[in-house]
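Asker: Need the 3D shape of this:
(one chain, ligands or ions: 2)
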Amino acid sequence: MAAEVDPGRRQMMAELAAWHDEWARKWGIDDHPYEGMTIEEWEARIPPEAQADYQRGADAIQAAWRGPAPASSTTYALAGEELPPPPRLGDDVPPPQPPAAPPPPLARTRDEALFYLQLQRCPRCGEQRTPWGSELVEVGGVLARRYFGDCAQCGQAREYVFRVPDRIPPRPPGASMHYGGDEPSELIDAGQWLLMSEPAAEQTRADLAAGELRDAALHAELALTCVTEVTKFVPPGSTEVPDSGFFTPAGRAARAADPRRFTLRRLLLLLDMLHEEFDPVLPAGTLAAGRAPASPAAEADRRPAWRPDDPRSDSAPPQPATPTEPSVPTERAVPAVPLGRTTAEIRLFLAMRPCDCGAVTDQWSSHLGQAGADLAAVYSATCPACGRQRDFSFRLPPEELGSGPEGASFRYGDATPSQLLDPGEWLLAADQLARSVPVLEPGASDQERARYRYALGRAAAALAEVARFAPPGAVQVPESAFVTDRGRAAYAAEPGRFRLDRLAAVRDAYLRLLEDAGLT
Ligand SMILES: [Zn+2]
Ligand SMILES: [Zn+2]
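Answerer: Ligands and ions are numbered 1, 2, ... in the order given. Purely as a prediction, here's the structure:
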């Protein structure tokens with residue numbers, strides 16, 4: 001990759017650069033191709049006689065540095081050695097050439113080049129800061145941009161050269177950073193991008209805590225952009241970043257530490273969680289940038305983008321209301337880190353677990369972690385009423401389940417009984433959801449219809465969850481399945497509601513209502 005350039009090349013490029021400056025002054029040419037402009041468009045503004053003049057000068061410099069072609073056999077004859085037969089005229093022997101230097105690596109955008117430079121340290125003193133200047137140069141017939149400057153600490157001259165793309169991808173509207181199009185980076189590898197996303201997410205949380213919303217928006221965008229850059233390394237149809245996506249020691253070390261972090265599934269989960277957490281602070285219009293699909297496969301894997309928790313979405317139905325009575329912590333017969341089968345199930349659980357002080361929050365931040373060998377999601381919040389720090393970890397299933405679209409086919413999980421809520425809590429959630437919407441009148445607005453589909457679809461799904469606690473052959477949910485105070489109270493109040501036939505009848509009624517409204 002873009003190592004520091006060798007001294008010979010550096011000298012040649014310095015001469016090229018000096019010539020370029022002289023030429024640009026002579027012809028009055030601005031050497032900056034602006035973003036969105038192709039190199040051809042930029043070059044088209046340069047008069048042909050100026051182009052020819054530049055080429056003449058550049059050719060002369062490069063020819064001088066290549067030196068005379070070592071065509072004569074005597075060039076490599078050493079004393080005492082037998083001379084190779086001299087080449088004869090007409091022999092089709094190519095003259096020996098110095099090995100061609102590889103072209104400089106591509107910087108997809110100027111933002112990417114500058115971001116890359118920020119990551120490099122001075123080879124002499126380790127300092128990162130260097131006031132960089134830049135100019136266009138030509139290297140081996142390709143257009144490149146040379147960055148040069150003296151280390152801010154020790155004064156060491158530093159230089160990097162990057163190939164300029166044939167076409168600079170246009171900056172997405174609203175994006176404040178723009179590192180490239182859909183193609184993966186040649187400068188920063190998949191491991192480095194992922195490593196950089198983590199401090200950016202941490203910084204976003206710190207900014208939010210400090211009320212620094214502008215900084216939070218920038219850091220959130222950076223975190224999302226970094227993860228999106230990782231996904232660009234996953235080839236279409238593939239499920240993980242290939243070996244070729246790791247080309248730096250830091251990147252390879254990141255992968256060696258935990259290769260699972262580079263599967264497409266995990267990357268998309270991470271993107272989803274970051275979006276869920278940070279979308280509210282991002283300025284509108286930035287989302288599309290962060291949401292750039294990695295590949296057709298990635299796009300197909302994506303869950304529906306509809307976000308019930310997004311405060312800006314005016315069609316978002318309310319979260320199910322949370323009971324207001326303070327809940328007493330109870331012993332739960334579940335593993336230390338319970339399985340959260342879907343994000344919807346986790347969010348419902350969090351909505352139904354008030355703080356010990358009784359307050360409810362929906363301001364949960366989340367990040368991916370490990371629970372033993374399993375992938376885990378960690379949700380954290382500070383109670384807005386009492387300031388208590390609250391953390392919940394959920395194991396994630398080996399294969400992503402997904403909830404499907406809102407409506408009749410919505411689901412909170414697979415056929416296994418929930419480890420987060422007991423059957424009494426699921427029934428309470430179903431009741432609250434069903435009661436949260438009025439009868440759908442003819443002529444209802446799209447927004448009312450969306451609420452209706454959301455509430456009844458989820459209510460039906462919650463009733464399906466109640467029934468999963470009944471063992472095979474049972475006609476009702478056994479009392480032993482109720483492990484929370486609230487769940488036990490629901491069972492004691494009306495045990496008949498936990499008969500499978502009654503559960504199925506109510507669920508069918510909800511689904512019929514959806515069907516009658518044309519909202520399946
Ligand atoms: Zn230095
Ligand atoms: Zn509290």
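Asker: Every contact and neighbour count from this point should use C-alpha atoms.
Answerer: Noted.
Asker: Can you show me the helices along the stretch 251-400 of the chain?
Answerer: Counting by DSSP state H, counting those that start in this stretch, the stretch 251-400 of the chain forms helices over residues 264-278, 287-290, 296-301, 343-351, given from the N-terminal end onward.
Asker: what angle sits between the longest one and helix 343-351?
Answerer: Helix 264-278 and helix 343-351 are oriented at 40 degrees to each other (axes from the mean of the first three to the mean of the last three Cα atoms, to 10 degrees).
Asker: Could you tell me which residues of the chain lie near ligand 1?
Answerer: For the chain, the residues in contact with ligand 1 (Cα under 5 Å from the ion) are 122, 125, 151, 154.
Asker: doesn't residue 126 make contact with the last one?
Answerer: No - in this structure, residue 154 sits apart from residue 126 without contact. The criterion is Cα atoms under 8 Å, and the distance is 9.3 Å.
Asker: what bits of this protein have low per-residue confidence?
Answerer: Across the chain, the ranges flagged by pLDDT under 70 are 1-10, 12-14, 28-48, 65-101, 283-335.
Asker: Now do the same for the spatially most central residue of it: helix, strand or coil?
Answerer: Within the chain, the residue whose C-alpha comes closest to the C-alpha centroid is residue 227; the distance, by Cα atoms, centre = their mean, is 2.6 Å. Taking DSSP: H, G, I helix; E, B strand; the rest coil as the rule, one finds residue 227 in the helix state.
Asker: Excluding chain neighbours, give the residue nearest to the closest residue to ligand 1 within the stretch 1-150 of the chain in space.
Answerer: Of all residues in the stretch 1-150 of the chain, residue 125 sits closest to ligand 1, with a separation of 4.0 Å (Cα to the ion). The shortest distance from residue 125 to any residue that is not its chain neighbour, by Cα to Cα, 6 or more residues apart in numbering, is 6.6 Å, and that residue is residue 154.
Asker: related to what we said a few turns ago, take the helices of the stretch 251-400 of the chain and write them to a markdown table, including mean neighbour count.
Answerer: Conversion of the helices of the stretch 251-400 of the chain to a markdown table gives the following (neighbours: other Cα atoms under 10 Å):
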| stretch | mean neighbour count |
| --- | --- |
| helix 264-278 | 21 |
| helix 287-290 | 19 |
| helix 296-301 | 14 |
| helix 343-351 | 19 |
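Asker: Save these as TSV, and put in distance to residue 135 too.
Answerer: As requested, these are arranged in TSV below (distance: least, Cα to Cα, whole Å):
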stretch	distance to residue 135
helix 264-278	36
helix 287-290	28
helix 296-301	37
helix 343-351	49
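Asker: Contacts only, for the residue found closest to residue 239 once you drop the neighbours it is linked to in the chain.
Answerer: Among residues not flanking residue 239 along the chain, residue 264 sits closest, at 5.2 Å (Cα to Cα, 6+ apart). Contacts were defined as Cα atoms under 8 Å, 6 or more residues apart in numbering; by that measure residue 264 touches 231, 234, 239-241, 298.
Asker: sorry, back to before: can you list residues touching both of residue 154 and residue 126?
Answerer: Common contacts of residue 154 and residue 126, defined by Cα under 8 Å, 6+ apart, are absent altogether.
Asker: What is the neighbour count of residue 280?
Answerer: The local packing of residue 280 (other Cα atoms under 10 Å) involves 15 other residues.
Asker: scratch that, residue 222 is what I was asking about
Answerer: Close neighbours of residue 222, defined as other Cα under 10 Å, add up to 24.
Asker: Just read off the phi/psi values of residue 144.
Answerer: phi -140, psi 160 (degrees, to the nearest 10).
Asker: residues from this structure in reach of ligand 2?
Answerer: Looking at ligand 2, the residues of the chain close enough under Cα under 5 Å from the ion are 355, 357, 383, 385-386.
Asker: Most neighbours out of those residues, which is it?
Answerer: residue 355 (23 neighbours).
Asker: for the residue nearest to residue 359 when sequence neighbours are not counted, phi and psi?
Answerer: Nearest non-adjacent residue to residue 359, counting by Cα to Cα, 6+ apart: residue 385, 6.1 Å away. Here is the backbone geometry of residue 385 (degrees, to the nearest 10): phi -90, psi -50.
Asker: Surely residue 385 and residue 356 touch.
Answerer: No - counting by Cα under 8 Å, no contact exists between residue 385 and residue 356, whose distance comes to 10.4 Å.
Asker: Where does the one residue in the stretch 401-520 of the chain that gets nearest to ligand 1 sit: helix, strand or coil?
Answerer: Of the residues in the stretch 401-520 of the chain, the one nearest ligand 1 is residue 402, at a distance of 50.6 Å by Cα to the ion. The three-state label for residue 402, taken from three-state DSSP, comes out as coil.
Asker: For it, which non-adjacent residue is spatially closest?
Answerer: In space, residue 402 comes closest to residue 342 once its chain neighbours are excluded; the distance is 5.9 Å by Cα to Cα, 6+ apart.
Asker: Now do the same contact list for that neighbour.
Answerer: Contacts of residue 342 were listed using Cα under 8 Å, 6+ apart, and they are 396, 400-403, 412-413.
Asker: Next, work out how far apart it and residue 15 are.
Answerer: 61 Å (Cα to Cα, to the nearest Å).
Asker: what's the answer for residue 164, then?
Answerer: In this structure, residue 164 and residue 15 are 19 Å apart, going by Cα to Cα.
Asker: can you check residue 21 too?
Answerer: Taken as Cα to Cα, the span from residue 21 to residue 15 is 10 Å.
Asker: and stretch 112-132, how far from the chain's centre?
Answerer: Between the mean C-alpha location of stretch 112-132 and the chain-wide mean there is a distance of 24 Å, by Cα atoms, centre = their mean, to the nearest Å.
Asker: hmm, back to that, pick the one among the contacts of residue 264 closest to ligand 2.
Answerer: Using Cα to the ion, residue 231 comes nearest to ligand 2 of the contacts of residue 264, at 38.1 Å.
Asker: contacting residues around the residue nearest to residue 220 when sequence neighbours are not counted?
Answerer: Distance criterion Cα to Cα, 6+ apart; nearest residue to residue 220, sequence neighbours excluded, is residue 204 at 5.6 Å. Under the criterion of Cα under 8 Å, 6+ apart, the neighbours of residue 204 are 215-220.
Asker: Recalculate using a threshold of 7 Å.
Answerer: 216, 219-220 (Cα atoms under 7 Å, 6 or more residues apart in numbering).
Asker: hang on, it in a helix?
Answerer: Yes - counting by three-state DSSP, residue 204 is part of a helix.
Asker: how much space is there between it and residue 123?
Answerer: With distances taken as Cα to Cα, residue 204 is found 31 Å from residue 123.
Asker: Torsion angles phi and psi at the closest residue to residue 188 other than its chain neighbours?
Answerer: With Cα to Cα, 6+ apart as the criterion, residue 188 has its nearest non-adjacent residue at 6.8 Å, and that residue is residue 116. Torsion angles at residue 116 (phi, psi; degrees, to the nearest 10) stand at phi -60, psi -40.
Asker: what's around residue 116, how many residues?
Answerer: 15.
Asker: Against residue 196, how distant is it?
Answerer: Distance, residue 116 to residue 196, by Cα to Cα: 12 Å.
Asker: What segments of the stretch 401-520 of the chain are helices?
Answerer: With DSSP H, counting those that start in this stretch as the criterion, the stretch 401-520 of the chain has helices at 423-435, 446-467, 485-493, 500-516.
Asker: so which of the ones you listed comes closest to residue 135?
Answerer: When those are ranked by distance to residue 135, counting by Cα to Cα, first place goes to helix 446-467 at 54.0 Å.
Asker: Can you list the buried residues in that closest one?
Answerer: Neighbour counts using 16 or more other Cα atoms under 10 Å place 448-467 of helix 446-467 among the buried residues.
Asker: Fine, thanks again, bye for now.
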